[in-house]
Structure formats: structure tokens, C-alpha cells
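[1] Fold the stuff below for me.
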Amino acid sequence: MGNADSVDPSGSGTTTQPFAAEVSRLLQLMVHSVYSDREIFLRELISNAADACERLRMESLEKPEILGEDTSFRITLTPDAAKKQLIVEDNGIGMDADGLRDNLGTIARSGTRAFLDAAGKDGSQMIGQFGVGFYSAFMVANEVEVVSRPVGSEEAWCWRSDGKGSFTVEPAAPDEAPARGTRVILHLTDEANAFAERATIERVVAAHSAHVPVPIRLAVEDGTTKDLTDGSALWRKPKAEVDEQAATEFYHHVSGQFDEPAVTLHFRAEGRQEYSGLLFVPSMKPFDLFDPSRKGRIKLYVRRVFITDEADILPAWLRFVRGVIDSEDLPLNLSREMLQTNPMLTQIGKGVTKRVLSELERLAKDDPDSFIKVWEAFGPVMKEGLYEDPERRDQLFAIARFRTSTSGEGWRSLADYVAAMKENQTAIHYALGDSAEAIAASPHLEGFRKRGVEVLLLSDPVDAFWVQTALGYEGKPFRSVTQGAADLASIPVEGADNEEDDAEATPKAAIATLAARIKQALGDRVSDVRESDRLTESAVCIVAPDAGPDRQLEKILAAQQGGLGRQAPVLELNPRHGMIRALAAKVEGGGEIVDDAAFVLLGQAQILEGEAPENGADFASRVSRLLEASLG
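    Numbering: from 1, shown residues only. So this is what the prediction gives:
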């Protein structure tokens, strides 16, 4: 880690350098924790080989001459029991010395620390998430050689490592390297000798790589080869001919994950655009779900020719979907610039997005338990669409699920919410916060709870944004419980005598006088002080003014701006609370006691909101004076 490369002084070009990761710990975790099934290593190497072939196929669209006479792509597996070796070779794009260093010299480059932390929890579920597929070879090999020649190059290079902390890269003799592409040579351990046997290789390929879109062949003893797969495109087969196991194995190949897909969509669209698709919604979050780039991972083909795996087919809020789209109409020489502006691809994207949402809506209706698992994994991402995609907001509202103040650990739809609205209730009320538990404990919900009014508990960061732009649902606007007046007076209290409650309340004239005195004491620390109809148990709370952002959104924006720009809040007083009644009685002659109480009430409201008083020392001093006065 951090050491300079060790260069061979003889000038042969060999370099020895450490892996860019905590290698020994990482490889041990992989061998003993991450991969519960050792034969998965072959699937990973075959997937890498297929990717290399597909990338060369794409490059050859513009430069067909680079293929020379070798125009058929293939992956060749050569087991050798006598030498205790297994060779995986492709005739794909190949790598030069820098490519070998960059691609094979940085283990888990997607996030080493995250990998190490996660592997300590449930390693068997982490496969495919952190860019470590190639290194699974060290489960069965005590040494791995990678000999590669880039397409069109005379030079070949060899990468070699025992997986214990360093690797070497050196020139390879041209006659010992593939004409183009990459050859991975595994020197098998004694425990892995079975992977040098034909029968084992045939079984593993059939189980895990039968639908890779590049033909796989097996070299046999007499110098001939046996076709194991024909590279047929699974997504082009009729849906009835693809069973669940085949689809699942293809999902593992195309996604690089090892979980079971929660939803599988296999379809063929005909009409203005003709295309096939085989898409999957994972059951486990991909590691890059919240990557700032928010790129999708759908592989785009044109008439079975791989084009790219970075096409913006689905919107960013469906970036967790994996799979393949194969178009009949797009041009084969599609460039990246054309991908961004091609109207046919835009139409395909709209059609595919509609299919995904319709399938999720069907799942939510027919199998609610399975859908909730999908929502728990990807709901925060799909809610980005509520903010970014007004055109599909109604479809997203149909499948969105929420924790609420009455749902406990369950989930509620907006349709459920509207059906349960109370008499005279005109809005869908929500509260924002860092967690559903913290929101549920907020004093702002007391008046709503007393009236049986359900409140959406919104704890994902994106919630603070979409509720600002969404006009409402079924004619009911969204309204924050921490902004503006609560407007609860017209909704009757459940199981209570309103006249008895009113008798306990501080008279309106007295509460108005107290509010004016507190506002005078606090000055511009608050924008207003007023009587509250949202509080039933707590003495005070703070809310955002009617205009401007909600308190939680304001908190998020202030954090991004270095703590600047927060508005002065409104301080609300509970006229039925004993402390407020007592303070109202002291307004006329209370002097400093009322002033101290004003600052203490504001600090208490800030604490209830999960914040600290603005001036901790001043807050503590005023509390002490109030205690002395009350005890004296």
C-alpha cells in the first residue's frame, strides 16, 4: 500500500507492485466468507471473458478491419488434470500492461472499505457487489496468470500473482500469448482438482453460464473442442421457452449479483419500435445504488450486437433495474453522442419504463408481501421520480408505500390514507425527519393523534423535496405538520369532551398577552409566537412559517450551505399546559422570570426537535434561575 513500484533493473519491463487494497484481509474474507459456493469463480471469469468479446464486437462496428480473419467470438475452457490447471481464454478486446495494472491491480475498487465492513455482516450475500469477481479465482488457485494481447497489438503482457499481497506485470513472449484477447491460467490447489476435469466444467457451465451471449467451448484431449453453449440470446427466445432457473442464471450473469430477482420482465415489443427485453428487479440493493453518477446498468444490444451498458434507457430513479434491451431498429453504428439524442431510444425508454411500473403495480396488487420487500429496498430511489418525473407521478403514487402514525410497522398506500381521512379533513398531512421513530415521537403530532388524523412519516432525504413539488393526490394537497397553522380546529377530538378541554385552556386574551411578551423577549430569534392547536401534551413546539421551506428541508439546505440561511421559526404555545397557564398568570408582574421562561421554552422546543439550544450556557443559566425562583 503506497509503496513505489519495484522495477526489474535488468530492463526486461517486469514490475512488481502491491495491490491497491487491504489484500490479505480481503482475499481471506472472499475465500472464507463471501463466496459460499466455490464454483461461482468460473461464472465470474466467463462473464469477464464475455464482456471482453462484446466490447470488441462494439468497437468493430466502426472498424471492422480490426477483427482480421477471426470474426467469430468465443470463450474456450481448457482443463488439464495432469498439470492441475484450468485455462479460460477469450478472443476479445485484450489488455495492455496498463490495463492489466488498472483492472487487476485494484481489488474491490468500487469500495474496499465498504466491502470489508459489509462482509463482516453476511458475506454470502455480498458477491457481485464490489468488483471482486476476478479474485474469486483465488478460492481454487494458489497462483493465477493472465496473459493478454490487445487487439491490433504485436505486444503481449503477463500478469501474475499468488493473491498474497502483490502482483507482477511483465512482457509475454508473442508465441505464448493469444493472437488477441486474454488467457487466464489457474494453477489449482489440491482441494480444487475437480475443476481440472471435463465433467465438472460441463456441469458448472450448464448450471451458471448456459446463457452467456458468447459461445463457450471445451477443449478436449484429442485437440478438438466440444460446444458447451451456442451463445444464443436468451432474451430473444419466446417467454414460454425460458424457465425460472434459466432466467435466474441469466440475471446472475448480467447483473453480477448473486441474489434472486424479485421481478422478472420478459417481453417483445412490436409497432413503431421493435425490441426485446429481459429485465430484472433485484431483491438486494446493488452496491452502487446511491452512487452520485446515478447511472443505469441496462445493457443495450442492436440485433444481438452489444452496444453499451451505459445507455440511459430507464430514468435514474429506476437505476436498480438490471437486464438487456435488444433493438431491431437502432443503427449499429450508434455512438455515445447519438445515444443521448436518439428519438427512437427515447421512445424505447418510455415504453420500457411503463412496463416496469405496470409490473410493479401488478405485483403490489397480486403479491403485496413480495412488493413490500421491493419497496423497502428501492422505495427511496423510486421516490426520486416523484420529484423528477411529473409525467409518471400518478403511476408512482399508485405504488408508493409509507409508514404512518397509525401503521405501526406496516405500510400504507395513499389510497389507504385517503379512504381513512377524518370528517372535515382536507389535506394529506406529513411529517419529515431523520427516522420514522423520531418523527412519531415529535410533539407536532399530538393534536393529530388526538383527533385520529393519520400522518405520513417521511424519513428519506428525497421526501423533503418531492412534497414541495407534488400538487396532491386525488385532489387532496400535501401539508406539513411542522409548517404554518395546523388547521385542526374543525376536526373533532376522538372520545373527548371538547367543552372540558376548553375549560382547562388558558383564556385567549391571556395567551395572546403571554405570546406578545415572549415575542418581545425573544426578538428576531422567532418570527412569531402564537397559540397552538396541534399540541395536547407538550408545552411548546417550533414550526416553519407559512411561506418558505419546511423545517426538515430547511435543515438539509442549511447543511449544504454551511449552516447559513435558516428562517426564524414560529414558537407555538399549548394553552392547556400547566406551565403555560402559570406563565400567563405571571405576565403582568413576572419581570425577568417571564423573560427567562421565554428563552427556556424556545430551548425546550429546539431540544424536542432534536437540536441543541442556540446558546447552551445561557440556556443552562436561565434554567438555574427559574429553579431557584420556584424552590425559593
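
[2] okay but residue 44 is in contact with residue 140, surely?
    No: counting by C-beta atoms under 8 Å, residue 44 stays clear of residue 140, with 11.3 Å between them. From N, CA and C alone the C-beta is placed, and that goes for glycine too.

[3] quick one: residue 183 from residue 159, how far?
    Distance, residue 183 to residue 159, by C-beta to C-beta, to the nearest Å: 11 Å.

[4] and for those two, which residues touch both?
    Common contact partners of residue 183 and residue 159 (C-beta atoms under 8 Å, 6 or more residues apart in numbering): 146, 147, 148.

[5] Bridged to the first one, which residues?
    For residue 146, the beta-bridge partners are residue 159, residue 184 (DSSP bridges).

[6] which residues touch stretch 424-434?
    405, 414, 417-418, 439, 442, 444-445, 448, 453-459, 463-464, 467, 472-473, 476-482, 487, 490-492, 550-553, 610.

[7] Same check on stretch 376-384?
    Counting by C-beta under 8 Å, 6+ apart, 262, 281-285, 289-290, 316-320, 375, 396, 399-401, 460-463, 466 sit against stretch 376-384.

[8] so residue 176 makes contact with residue 148?
    No: with contact defined as C-beta under 8 Å, residue 176 does not reach residue 148; the gap is 11.8 Å.

[9] Pull out the buried members of the contacts of stretch 424-434.
    405, 414, 417, 439, 442, 444-445, 448, 453-459, 463-464, 467, 473, 476, 478-482, 491, 550-553 (16 or more other C-beta atoms under 10 Å).

[10] Tell me which of the residues you listed fall in helices.
    414, 417, 439, 448, 463, 464, 467, 551, 552, 553 (DSSP state H).

[11] Show the pLDDT at the second one.
    You'll see residue 417 listed with a pLDDT of 97.

[12] Now do the same contact list for it.
    Counted by C-beta under 8 Å, 6+ apart, residue 417 has contacts 402, 404, 428, 454, 456.

[13] swap in the last one?
    With C-beta under 8 Å, 6+ apart as the criterion, the residues that contact residue 553 are 432, 464, 465, 468.

[14] same deal with the fourth one?
    With contacts defined as C-beta under 8 Å, 6+ apart, the neighbours of residue 448 are 405, 429, 454, 455, 481, 486, 488, 534.

[15] circling back to that earlier point, between residue 176 and residue 148, which one's more packed in?
    Remark: of residue 176 and residue 148, residue 148 carries more neighbours, 29 against 10, as counted by other C-beta atoms under 10 Å.

[16] I'd say residue 386 and residue 400 touch.
    Yes: with contacts counted by C-beta under 8 Å, residue 386 reaches residue 400, the gap being 7.3 Å.

[17] From the chain's centroid, how far away is stretch 422-433?
    29 Å (C-alpha atoms, centre = their mean, to the nearest Å).

[18] how long is that stretch end to end?
    Stretch 422-433 has its terminal residues 24 Å apart, counting by C-alpha to C-alpha, to the nearest Å.

[19] what is the rounded mean pLDDT of it?
    pLDDT averaged over stretch 422-433 gives 94.

[20] Stretch 14-23 too?
    The model assigns stretch 14-23 a mean pLDDT of 64.

[21] How about stretch 490-502?
    68.

[22] isn't there a strand covering residue 151?
    No: counting by DSSP: H, G, I helix; E, B strand; the rest coil, residue 151 is not found in a strand; it is coil.

[23] Which residue comes closest to it once chain neighbours are left out?
    Nearest residue to residue 151 in three dimensions, chain neighbours excluded: residue 180, at 4.8 Å (C-beta to C-beta, 6 or more residues apart in numbering).

[24] Ok, residue 289 next?
    residue 320 (5.9 Å).

[25] Buried ones only from the contacts of stretch 376-384, please, as a PyMOL command.
    To isolate the buried ones among those in PyMOL, judged by 16+ other C-beta under 10 Å, type:
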select buried, resi 262+281+282+283+284+285+289+317+318+319+320+375+396+399+400+401+462+463+466
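
[26] Can you list which of the contacts of stretch 376-384 are found in strands?
    residue 281 (DSSP state E).

[27] Look at residue 43 and report its pLDDT.
    On pLDDT, residue 43 comes in at 85.

[28] Export only the CA atoms of the helix or strand encompassing it, formatted as PDB.
    Element membership for residue 43 (DSSP states H and E) is helix 40-59. Extracted in PDB, the C-alpha atoms of helix 40-59 (Å, rounded to 0.1, in the frame of the first residue of the first chain):
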ATOM      1  CA  ILE A  40     -19.000 -19.400  -8.800                       C
ATOM      2  CA  PHE A  41     -15.400 -18.400  -9.700                       C
ATOM      3  CA  LEU A  42     -15.900 -19.900 -13.200                       C
ATOM      4  CA  ARG A  43     -19.100 -17.900 -13.800                       C
ATOM      5  CA  GLU A  44     -17.200 -14.800 -12.900                       C
ATOM      6  CA  LEU A  45     -14.300 -15.500 -15.300                       C
ATOM      7  CA  ILE A  46     -16.700 -16.400 -18.100                       C
ATOM      8  CA  SER A  47     -18.600 -13.200 -17.500                       C
ATOM      9  CA  ASN A  48     -15.400 -11.200 -17.800                       C
ATOM     10  CA  ALA A  49     -14.500 -13.000 -21.000                       C
ATOM     11  CA  ALA A  50     -17.900 -12.400 -22.500                       C
ATOM     12  CA  ASP A  51     -17.700  -8.700 -21.700                       C
ATOM     13  CA  ALA A  52     -14.300  -8.500 -23.400                       C
ATOM     14  CA  CYS A  53     -15.800 -10.100 -26.600                       C
ATOM     15  CA  GLU A  54     -18.800  -7.800 -26.500                       C
ATOM     16  CA  ARG A  55     -16.700  -4.700 -26.200                       C
ATOM     17  CA  LEU A  56     -14.600  -5.700 -29.200                       C
ATOM     18  CA  ARG A  57     -17.700  -6.500 -31.100                       C
ATOM     19  CA  MET A  58     -18.900  -3.000 -30.400                       C
ATOM     20  CA  GLU A  59     -15.600  -1.400 -31.500                       C
END
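
[29] can you give me how far it is from the chain middle?
    Computed by C-alpha atoms, centre = their mean, the separation of helix 40-59 from the middle of its chain amounts to 25 Å.

[30] what's the average pLDDT for the helix or strand following it?
    Later in the chain than helix 40-59, the nearest helix or strand by DSSP H and E is strand 75-80. Averaging pLDDT along strand 75-80 yields 96.

[31] so how far is strand 75-80 from its chain's centroid?
    Counting by C-alpha atoms, centre = their mean, strand 75-80 comes out at 37 Å from the chain centroid.

[32] swap in stretch 284-300?
    With C-alpha atoms, centre = their mean, you get 7 Å for stretch 284-300.

[33] now it: mean pLDDT?
    pLDDT averaged over stretch 284-300 gives 86.

[34] Same question for stretch 207-226.
    Stretch 207-226 comes out at a mean pLDDT of 88.

[35] The helix or strand where residue 520 lies packs against which elements?
    Take DSSP H and E as the rule and residue 520 turns out to sit in helix 508-522. Judged by 3 or more C-beta pairs under 8 Å, 6 or more residues apart in numbering; DSSP states H and E, helix 508-522 is in contact with strand 528-531, strand 570-573, helix 578-586, helix 592-608.

[36] Which one of these lies nearest to residue 79?
    helix 592-608 (68.3 Å; C-beta to C-beta).

[37] Can you name the secondary structure element that comes next after that closest one?
    Helix 592-608 is succeeded, C-terminally, by helix 616-631 (DSSP H and E).

[38] and that following helix, what does it pack onto?
    Looks like helix 616-631 contacts helix 592-608 (3+ C-beta pairs under 8 Å, 6+ apart).

[39] Counting by contacts, list what the helix it packs on packs against.
    Using 3+ C-beta pairs under 8 Å, 6+ apart: helix 592-608 touches helix 508-522, strand 540-543, strand 570-573, helix 578-586, helix 616-631.
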